[in-house]
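Peer 1: Return atomic coordinates for the entry below.
(one chain, ligands or ions: 1)
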Amino acid sequence: MTQPDFSAALPWQLSERARKLTSSAIREILKITERPEVISFAGGLPAPATFPVEQMRVAAERILREDASAALQYSATEGYLPLREWIARRYSSGGAQIRASQVLITTGSQQALDLLGKVLICPGSPVLVETPTYLGALQSFSMYEPRYVQVPTDDDGLIVSALTPELTAGARLLYAQPNFQNPTGRRLPLARRKALAELAQHAAFPVIEDDPYGALDYAGEPLPTMLSMAPERIVHLGSFSKVLAPGLRIGYIIAPEALQFKLVQAKQATDLHTPSFTQRIVHEVVKDGFLDTHVPAIRALYRDQCAAMLAALERYMPAGVSWNRPEGGMFVWVSLPGSIDSMALLEEAVAHNVAFVPGGPFYASEAQASTLRLSFVTVPPAQIDDGVARLAKLIQARL
Ligand code: PMP
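Peer 2: As a prediction, this is how the structure comes out:
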């Protein structure tokens with residue numbers, strides 16, 4: 001997919017960094033798939049039907065009535081204290097004690113990735129990532145010019161025993177998503193979480209646990225976070241994007257205070273602080289237990305959509321195509337027979353009004369071009385069936 005770059009027409013010099021920037025393949029595709037006739041499995045967006053609009057309206061009105069001067073004013077870089085305290089309490093229930101001073105509110109967890117890149121990565125620093133990994137993390141870290149080291153994975157996610165001293169030598173961080181990984185939907189089993197938390201206790205680099213999908217396990221039986229196993233050694237990223245709404249842009253980093261101090265300095269230079277108003281809205285909505293009823297409703301919707309996707313894959317896909325059966329989250333990962341390039345397939349698929357995200361951009365290197373990511377959360381079941389049937393036909397024709 002070629003991406004237009006108009007910078008050659010600029011009469012000014014760009015930084016070396018800016019010259020190396022490329023657009024996200026996903027964003028380019030999303031533009032094409034905005035046509036209403038396209039059945040899009042491409043977006044990573046939550047279903048708008050889950051946005052708690054009425055609760056947001058009531059919270060916003062109340063804040064503007066009772067707390068407007070603070071809600072509309074500049075505020076502390078660390079974030080709104082009652083929200084930081086609420087997050088610390090929520091994470092302390094698993095046994096580990098998390099302090100509000102460990103919590104930094106960020107402008108989405110995407111900003112957390114950028115801040116971690118800023119304070120941990122030098123040009124050429126080794127950075128350990130899963131194979132494949134979240135494209136947005138690669139984009140954030142790449143601004144700081146690391147040398148990526150891919151850690152092997154299998155159907156259960158990251159293979160912890162592969163993290164040998166040779167592989168991890170000099171690493172500045174390990175970036176992992178234990179829950180329903182974007183893009184593969186995989187969940188790291190308990191034994192591997194324990195092994196990774198144990199490794200983090202002695203490692204010379206932090207293990208970043210990015211966890212935007214943890215609450216979305218369909219059975220409502222979450223596995224313990226690595227943060228709960230090694231609270232002084234794991235850097236945990238959380239987000240309200242998938243359990244409330246992404247437009248609020250509220251995420252957070254839980255980290256030891258000594259790292260937090262540096263992250264706060266970096267955030268100060270970036271945006272002073274996350275919006276005072278939306279932080280208060282989130283706190284107002286969640287403080288009395290709203291998520292305890294809201295999250296199960298999101299889980300139930302996504303579980304049904306996922307079941308519809310898996311049933312359609314089973315019904316239509318030709319032999320040789322394989323996929324996983326996610327236990328939560330928003331994504332299914334599909335492997336095509338090796339000769340099929342999913343980027344070329346996408347161009348044809350879009351012409352037939354169905355879209356997905358090719359797997360290649362999710363690899364830091366040695367991309368497997370025969371993989372693709374399907375998101376099922378925004379497409380009604382009848383359209384899921386129709387879209388998968390169209391896709392299967394195009395794949396069959398290439399076999
Ligand atoms: N991490 C992962 C793994 C994601 O999938 C996303 C969003 N797609 C983010 C971080 C960023 O989320 P946000 O900034 O909305 O919190």
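Peer 1: any idea of the pLDDT on the residue nearest to Gln73 when sequence neighbours are not counted?
Peer 2: Among residues not flanking Gln73 along the chain, Ser276 sits closest, at 6.3 Å (Cβ to Cβ, 6 or more residues apart in numbering). For glycine as for every other residue, the C-beta is placed from the backbone atoms N, C-alpha and C. Reported pLDDT at Ser276 in the predicted model: 98.
Peer 1: Also Pro36?
Peer 2: pLDDT, Pro36: 86.
Peer 1: swap in the one 5 residues further on?
Peer 2: Looking at Phe41, its pLDDT stands at 95.
Peer 1: so how many other residues sit close to the residue nearest to Gln73?
Peer 2: 19 (other Cβ atoms under 10 Å).
Peer 1: Check Val103 too.
Peer 2: Val103, neighbours per other Cβ under 10 Å, totals 25.
Peer 1: quick one: what helix or strand has the closest residue to it other than its chain neighbours in it?
Peer 2: By the measure of Cβ to Cβ, 6+ apart, the closest residue to Val103 outside its immediate chain neighbours is Arg84, 4.2 Å from it. According to DSSP states H and E, Arg84 maps onto helix 81-92.
Peer 1: what mean pLDDT does that helix have?
Peer 2: Mean predicted lDDT for helix 81-92 stands at 97.
Peer 1: Any part of that helix near the ligand?
Peer 2: No - Helix 81-92 stays clear of the ligand (Cβ under 6 Å from any ligand atom), getting no nearer than 13.5 Å.
Peer 1: Pull the contacting residues for the residue in the stretch 51-200 of the chain positioned nearest to the ligand.
Peer 2: Nearest to the ligand in the stretch 51-200 of the chain, going by Cβ to the nearest ligand atom, is Gly108, at a distance of 2.6 Å. Contacts for Gly108 (Cβ atoms under 8 Å, 6 or more residues apart in numbering) come out as Ser239, Ser241, Pro246, Arg249, Ile250, Gly251.
Peer 1: Now do the second one against the ligand, distance only.
Peer 2: In this structure, Ser241 lies at 3 Å from the ligand, with Cβ to the nearest ligand atom, to the nearest Å as the measure.
Peer 1: looking at this, that residue is in a helix?
Peer 2: No - according to DSSP: H, G, I helix; E, B strand; the rest coil, Ser241 belongs to no helix; its state is coil.
Peer 1: Quick one: residues contacting it.
Peer 2: Taking Cβ under 8 Å, 6+ apart, we find Ser241 in contact with Pro46, Gly108, Ser109, Pro212, Leu248, Arg249, Ile250, Gly251.
Peer 1: Could you tell me which of those belong to helices?
Peer 2: Among the contacts of Ser241, the ones falling in helices (DSSP state H) are Gly108, Ser109.
Peer 1: ok, of the contacts of Ser241, which one's closest to the ligand?
Peer 2: Within the contacts of Ser241, proximity to the ligand (Cβ to the nearest ligand atom) peaks at Gly108, which comes in at 2.6 Å.
Peer 1: coming back round to it: what backbone torsions are found at the residue nearest to Gln73?
Peer 2: Backbone torsions for Ser276, taken as degrees, to the nearest 10, come to phi -60, psi -40.
Peer 1: any idea how far it lies from Ala112?
Peer 2: The gap separating Ser276 from Ala112 is 19 Å, by Cβ to Cβ, to the nearest Å.
Peer 1: What of His294?
Peer 2: From His294 across to Ala112, the span is 23 Å (Cβ to Cβ).
Peer 1: try Phe261
Peer 2: For Phe261, the distance to Ala112 - Cβ to Cβ - is 15 Å.
Peer 1: Could you do Glu347 as well?
Peer 2: In terms of Cβ to Cβ, Glu347 sits 34 Å off from Ala112.
Peer 1: tell me which parts of the stretch 151-300 of the chain are close to the ligand?
Peer 2: Gln177, Asn182, Asp210, Pro212, Ser239, Ser241, Pro246, Gly251.
Peer 1: Which of these are buried? Put it as a ChimeraX command.
Peer 2: Buried subset of these, written as a ChimeraX selection, criterion 16 or more other Cβ atoms under 10 Å:
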select :177,182,210,212,239,241,246,251
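Peer 1: okay if I get the residues of the stretch 151-300 of the chain next to the ligand as TSV plus pLDDT and distance to Thr168?
Peer 2: Formatted as TSV, these follow (pLDDT from 0 to 100; distance: Cβ to Cβ, whole Å):
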residue	pLDDT	distance to Thr168
Gln177	98	18
Asn182	97	23
Asp210	98	18
Pro212	97	25
Ser239	98	27
Ser241	98	30
Pro246	97	33
Gly251	98	27
